[in-house]
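>>> no sequence on this one, just coordinates:
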């Protein structure tokens, strides 16, 4: 939970939103660093750093939509006041085109009139091309007047006449189809809107009004994927310096809304169908480390206990002790079976309540770790039936409730535990997590402070406190708490990893405030790198640290190192969501939508939380739409490829800068 609330784009980092729109950059050069006192040189480096951090997609707009899902506030579920679909945001109010030429530069293409064209309305004698154009424009003028008078039924025949008489080899004919589509839009005849807009786009493929209207019609027919394809194309047609700027690119907002809707629907469906499975080992370790040691640790090894079980296969206590030993050895997949056997045998042997409850506690804990929250809650209920004042059972049941999204019941358990045991070393830490998850940060901070005071031997409350302070914008307080944690727990990998992450993310926060100088940027990157290296010295195979260090390397445009570290994170942890996600986003930024799609599928395969699943589904939806657009439009494909080359040149220039000064 802690990591998901503090990382980007899952890549999960939440604090990089300010730099997404930085798309127009001059390539950095060695000379920009040479005169660091110059305002322009500082600005160049900082803008380039912001650009890399934000991850400018060569498709710009579609990547913005993915990032906004994980960095920005969630869109309200309430309908807009105008009750318009998302695609309606991509254009102004639907009005018939009156300009001489529709947008776009595509060559003319021969089309037949729409099936709605009335043969009786066509001229009896075929006029000359010049006369036909004049006649069609007159029909259009009459149609526009009727449309403006809110008479779409009467306007449609005039647009149809214009379509029938206008020369098929003239691209201006697209305008008449688009105008008739506007009438059908008012009539909510969305299928005919799609047909007319498709005819217009066959003549002028980059006709923005036709794209916008067709997107709205698709969405009204619940075809969000087709609507997204048209909206992505609209975004890509905008000038490069406006693609990622929602203020100058209205279609960007529409696309973001569509991506959100698709992601929420797909993620919900996927999560409901997914069978429970064990969470990653690193997460289990972090969860268990959040509890104080309440019983003496098991001293016998797994092998020694296995030998004893072979000699006494019905001794439930031996199975319980081996479950403890497996937990200590981090053999997590094997713990639940031993715990279940222990409970069964101890009950059959009519063991003491304390012995049975100890085994039930182990069983419930690992049911929870396997995503089987309802079964875990039932076991905690069984413990509390015989030990109603058990602080540990209340706290762990509260944690299971929280993971089952039963927040009120979770809070009730934590509050009851506090009323019974106001000085318990664990309860304030876990209630603080609930407050953190529900964004009640002042209460979270207060609980973490109390948890630190009650349990000085645990690193977990200090890390949570530091992250909460950072989330509240208290950088000085956060860094002070992290430094205390580093001094007190120098051999804990997670302490160094999270400290490095927060140092790096503080750069974006200072950028937002406009108070970041070039020396500060370089110093913070150095500090973050130092913390990651310390963490990897303790545990060279920590996938979280490897993925975080990879993100830093991407920020400094060291692409080779970024790729190597990301792939190593996946090698040591094939379910490392963060590594897959940031690789997918990188490929998306580079315009490699096919590779990005494959990587997003891998994120979806290993995602264990709704938040991660939504981010992956958003990325996949945007990448899929962009892939369709670029496969179908050679002109846009060339434009995106040109952007990709500029991106690569800028990243190489930035890599050289950091290689020189770090």
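Yep, it's here. Values in this document were obtained by computation on a predicted structure and should not be read as measured data.
>>> Now do the longest helix along the chain: which elements does it pack against?
Looking across the chain with DSSP state H, the single longest helix is helix 634-661. Counting contacts by 3 or more CB pairs under 8 Å, 6 or more residues apart in numbering; DSSP states H and E, helix 634-661 packs against helix 30-34, helix 39-54, helix 224-236, helix 610-632. For every residue, glycine as well, the C-beta is placed using N, CA and C.
>>> and with 7 Å instead?
Using 3 or more CB pairs under 7 Å, 6 or more residues apart in numbering; DSSP states H and E, the elements in contact with helix 634-661 are helix 30-34, helix 39-54, helix 610-632.
>>> low-confidence ranges in the stretch 451-600 of the chain?
Under the criterion pLDDT under 70, no range of the stretch 451-600 of the chain is flagged.
>>> Just the helices from it, written as ranges.
Assigned helices in the stretch 451-600 of the chain, in chain order: 460-471, 475-488, 493-513, 518-538, 543-555, 559-572, 577-589, 593-606 (criterion: DSSP state H, counting those that start in this stretch).
>>> Quick check: pLDDT value at residue 633.
Looking at residue 633, its pLDDT stands at 92.
>>> Please apply the same query to the one 4 residues further on.
What the model reports for residue 637 is a pLDDT of 90.
>>> if I pick it, what's in contact with it?
residue 630 (CB atoms under 7 Å, 6 or more residues apart in numbering).
>>> same question, residue 353
Counting by CB under 7 Å, 6+ apart, residue 353 touches residue 386.
>>> Count the residues that sit near residue 463.
26 (other CB atoms under 10 Å).
>>> Ignore what I typed, I meant residue 659.
Counted with other CB under 10 Å, residue 659 comes out at 11.
>>> go on, residue 157?
As a burial measure, residue 157 scores 20 neighbours (other CB under 10 Å).
>>> gap between it and residue 138?
From residue 157 across to residue 138, the span is 13 Å (CB to CB, to the nearest Å).
>>> try residue 385
Taking CB to CB, one finds residue 385 at 86 Å from residue 138.
>>> Comparing those two, which residue is more hemmed in?
More crowded of residue 385 and residue 138, by other CB under 10 Å: residue 138, with 14 against 10.
>>> mind checking how far whichever strand or helix holds that one is from the chain centre?
For residue 138, the element it lies in under DSSP states H and E is helix 129-148. Centre-to-centre, helix 129-148 and its host chain are 49 Å apart (CA atoms, centre = their mean, to the nearest Å).
>>> before we move on, what about stretch 594-602?
Offset of stretch 594-602 from its chain centre (CA atoms, centre = their mean): 14 Å.
>>> who touches it?
Contacts of stretch 594-602 (CB under 7 Å, 6+ apart): 580, 583-584, 587-588, 616, 619-620, 623-624, 627.
>>> cool, and stretch 564-584?
7, 9-12, 280, 541, 543-544, 546-547, 549-551, 553, 596, 599-600, 602-603, 606-607, 612, 615-616, 619.
>>> Buried residues, stretch 556-570. List them.
Neighbour-count burial for stretch 556-570 flags 556-559, 561-562, 565-566, 568-570 (criterion: 16 or more other CB atoms under 10 Å).
>>> For these, could you give me JSON lines that also reports distance to residue 364?
As requested, the buried residues of stretch 556-570 are exported to JSON lines (distance: CB to CB, whole Å):
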{"residue": "556", "distance to residue 364": "45"}
{"residue": "557", "distance to residue 364": "48"}
{"residue": "558", "distance to residue 364": "45"}
{"residue": "559", "distance to residue 364": "46"}
{"residue": "561", "distance to residue 364": "43"}
{"residue": "562", "distance to residue 364": "41"}
{"residue": "565", "distance to residue 364": "37"}
{"residue": "566", "distance to residue 364": "36"}
{"residue": "568", "distance to residue 364": "35"}
{"residue": "569", "distance to residue 364": "31"}
{"residue": "570", "distance to residue 364": "32"}
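>>> Name the nearest of the residues you listed relative to residue 461.
Distance to residue 461, by CB to CB, is smallest for residue 569 among these, at 27.0 Å.
>>> Against residue 181, how distant is residue 398?
For residue 398, the distance to residue 181 - CB to CB - is 56 Å.
>>> scratch that, residue 520
Distance, residue 520 to residue 181, by CB to CB: 54 Å.
>>> So which of those two has more stuff around it?
More crowded of residue 520 and residue 181, by other CB under 10 Å: residue 181, with 30 against 14.
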